[in-house]
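Engineer: Please find the sequence and the predicted model below.
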Amino acid sequence: MSLLGRLNWDAVQHGWVIAGGQVTLVAVMLAVVGLLTYKKRWGWLWREWLTTVDPKRIGVMYIVFAMLMLLRGLADAAMMRAQQAVSVGPHHGFLDPNHYQQIFTAHGTIMIFFVAMGLMFGLINLVVPMQIGSRDVAFPFLNATSFWLYAMGGMLLNLSLVLGGFAATGWLAYPPLSELAYSPGPGVDYWIWGLQIAGVGSLMSGINFLVTIIKMRAPGMKLMKMPMFCWSVLGAMSLVVFAFPILTATLTMLALDRTLGMHFFTALNGGNPMMYVNLIWAWGHPEVYILVLPAFGVYSEIVPTFSRKPLFGYTSMVWAIWGIVLLSFLVWLHHFFTMGAGADVNAFFGVMTMAIAVPTGVKIFNWLFTMYRGRVRFTTPMLWFIGFVTTFTMGGVAGVIMAIPAADFELHNSLFLVAHFHTMIIGGVVFGYFAGLTYWFPKFFGFRLNERLGKYAFYCWFVGFLLAFIPLYILGMMGATRRLDHYDASLGWQWLFIVAAVGVALVLVGVGFQVLQLYYSIKNRHANLDKTGDPWLGRTLEWSTASPPPFYNFAHIPLASERDAYWEMKKHKGQVTPKYESITLPRNTIMPLTISLMAFMFGFGMIWHMYWLPILGFFGIVGSIIWRSTSDEHEYKLPAAKVRQIEEELEARYA
Amino acid sequence: MSTQERQAAESKTLFGFWVYLMTDCVLFASLFATFAVLRFNTNGGPTGEDLFNLSFVFKETFILLTSSFACGLGILAARQGNKRLCLSMFGLTFALGLAFLGLELHEFNKLYNDGDSWRRSGFLSAFFTLVGTHGAHITAGLIWMGTMMLRVVQQGLTTNNIKRLTMLSLFWHFLDIVWIFIFTVVYLMGLVL
């Protein structure tokens, strides 16, 4: 066996589309390295980012990485839509079938695992500790490790663009197609190890934030006094804790099939491919609620703030979250009613699926009633919310249609399904996180994003989204299946595909406005400074600090005896003479990054069958953990005098 | 750190460790479910009845249960500040754990050499993975126990070390419970049902 396993020069990808991707990748990397060197920022990068354990900085890194991945995922989407708009009859478009399959696989995988999850964990890192009045998360070291594992998983997956190619199996890599017999190349292995590494990171984050919310709330903040975003995150993290181990186990079994010749999911020798489909959806259905619950939480913060009213139906909102958490584990089979489980089983899962629409409906009405008779300000976050309510309700109704097993037999794997879940995930999840980013941006960067460009971006996204996906509902009804790279001209589908492609183009214009918005807002930040720390007249504790907050969040841990704790504080404002105390904080460490790099080595070695590399990576990780456990000096004390100095500087900054 | 801060940190860590154990529980549940589905997919190869030897498995079970008992005594000794008793009890736990691992590897080796490896059938894939995952956890526990004993020898029974020993014992008891399920679902049901 050679030192490089099966890696050789033939693995380097060819073709002009791929070459474009490769050149972009290398150019961006060179540009970043050049800029860092030119601005002499390497030390800054090391001190402030690579070694940080501050959840605010980790949150920013999550969001930056997720946004870069969003660009990649959008490029994939644009290529698919362009292909389907032209690949009809005698024309075969610009993508060959194998490449097209890799693109839709990469699109789904990247959008779910590295965009939606990244935005979610980014916002959670930024907001949750601040909202519960805490200085940190429960396990800061673990938190940094989670981020770097997520980033390394994403990089490993993107490496397939240069070396070896990606899976051509669809985003969940169903066997037997994903087994060695039918996918012998490294593509599926990239998929497995990229997700495995990122997935372990997500699992650790789930534990971390669950403990943070349960154990680290400010004094007085009973569970039923918590901000609704924290409730949503608590629900989502409970789902992570119970669902992600299933993913870990399932990916491991697929990897064992492929590397050790086991027979879990093979078509022959006693394997059972449908078991994989059951297992992956036992994780996968909770996963979509993991993504959407925190987005629901974002809306639950934005709507009261911009309606200047407390959230309507707080208690019912909490029960709705836990109803969704419970039911989300009882619906997985609706992803494959066509398996042939029989009428009784299908009926059970159909009814459960319809039932989950009830708590979701409760939430929709609660938001609308919060707006009712409120003083609504139509800011950009509020526009995203209104866009969400309309599209999400439409997509939800489409979902209830498909929950009827008899109807699902017609719609299964059609473009109707594709349109449905994009309505839920773009309209629900993506709009929610964009709203949250706009809403919390001034808190963490100290200045507001430009409203006008933000609104342009919203309108382009919203109209583009409708143009892109309404034709897909119609096409699905007309019998168009998903993942087509070519169709016959006599079907009369082409004009609908062209409308969908125009929609995607409009979405890209929207993204252009977002980039422009960011650039313009940074350039003109002095005009939009947030001097008060409370730019939107907020209700929850994060707005009680300066913008951006000091690295220890709160000089004094606040008392939170009411819901909307900061709103109450503002009502009963009393001057307190500040008395500062020392603060215990975790030390920066490079180890989360080095551990994750070793995990990257592990995955890379497994993909290319260079088995010395995984062994090295594995022992490196075990050794690092043991080494870290030999020392207890992971924290330092920030003296009271220093806290006073920082606080007084913050006070004086805009005085 | 003040006493209050230390107590808060300890309750966080312990609670976090419990949550981790629950995630591990779900991991094992997935493997158990898989095993239950693939149990009869023997692909014309041997069944559980052909392969398992109850008295051998009983030996394994007895050794692991005894190690859990010793681990419990070790934790009691640690709480009482009896360093010597604590170390000897964890030493006993370690030795029994090692013996268990040896027996398991012996069983795996025998199956492999008889041509009944994980490549033979879906049933054997599920068997090796489920039991092997438990074995991998035992290995991790042994490494952890080794480093902990070294720490106790060097630093004594500090609050931090007692906290870590408590988590280690939770882990060890958890693996014991998983083994009871393996004993029942894999071996007993394999021989009887």
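Structural biologist: Sure, I can see it. Given the structure is predicted, the values throughout are model-derived calculations rather than measurements.
Engineer: Near chain B, which residues of the stretch 251-400 of chain A? Just list them.
Structural biologist: Within the stretch 251-400 of chain A, the positions adjacent to chain B are A:252-253, A:256-257, A:260-264, A:266, A:269-272, A:275, A:279, A:282 by CB under 8 Å from any CB of the partner chain. Heads up, the C-betas are built off the backbone N, CA and C, glycines and all.
Engineer: rerun that using 6 Å as the cut-off
Structural biologist: A:261-264, A:269-271, A:275 (CB under 6 Å from any CB of the partner chain).
Engineer: which strands and helices sit next to the helix or strand hosting B:L65?
Structural biologist: Using DSSP states H and E, B:L65 falls within helix B:54-79. Using 3 or more CB pairs under 6 Å, 6 or more residues apart in numbering or on different chains; DSSP states H and E, the elements in contact with helix B:54-79 are helix B:83-113, helix B:159-182.
Engineer: how far is that helix from where the chain is centred?
Structural biologist: 10 Å (CA atoms, centre = their mean, to the nearest Å).
Engineer: Now that helix: average pLDDT?
Structural biologist: Across helix B:54-79, the average pLDDT comes to 96.
Engineer: ok, now stretch A:130-137?
Structural biologist: 95.
Engineer: anything in that stretch near chain B?
Structural biologist: No: Stretch A:130-137 stays clear of chain B (CB under 6 Å from any CB), getting no nearer than 9.9 Å.
Engineer: before we move on, back to that, need the winner for burial among the helices and strands packed on helix B:54-79.
Structural biologist: With neighbours taken as mean count of other CB atoms under 10 Å in any protein chain shown, the helices and strands packed on helix B:54-79 reach their highest mean count in helix B:159-182, at a mean of 19.
Engineer: contact partners of the helix or strand just after it?
Structural biologist: Once the chain leaves helix B:159-182, the next helix or strand it forms, by DSSP H and E, is helix B:189-192. Applying CB atoms under 6 Å, 6 or more residues apart in numbering or on different chains, the contact partners of helix B:189-192 are B:48-49, B:52.
Engineer: what kind of secondary structure is A:F94 in?
Structural biologist: Under DSSP: H, G, I helix; E, B strand; the rest coil, the three-state class of A:F94 is coil.
Engineer: quick one: it from A:G492, how far?
Structural biologist: Distance, A:F94 to A:G492, by CB to CB, to the nearest Å: 23 Å.
Engineer: who's more crowded, the two?
Structural biologist: A:F94 (14 against 10; other CB atoms under 10 Å in any protein chain shown).
Engineer: tell me the pLDDT at the closest residue to the more buried one other than its chain neighbours?
Structural biologist: Nearest non-adjacent residue to A:F94, counting by CB to CB, 6 or more residues apart in numbering or on different chains: A:Q83, 6.7 Å away. At A:Q83, the model reports a pLDDT of 96.
Engineer: Whatever helix or strand A:Q83 lives in packs against which elements?
Structural biologist: If you go by DSSP H and E, A:Q83 is part of helix A:55-86. Secondary-structure packing of helix A:55-86 (3+ CB pairs under 6 Å, 6+ apart): helix A:97-109, helix A:117-131, helix A:494-523.
Engineer: Report the buried residues of it.
Structural biologist: If you call a residue buried by 16 or more other CB atoms under 10 Å in any protein chain shown, then helix A:55-86 has these buried ones: A:55-63, A:65-70, A:72-86.
Engineer: By proximity to chain B, which residue of the stretch 401-550 of chain A wins?
Structural biologist: A:L541 (18.7 Å; CB to the nearest CB).
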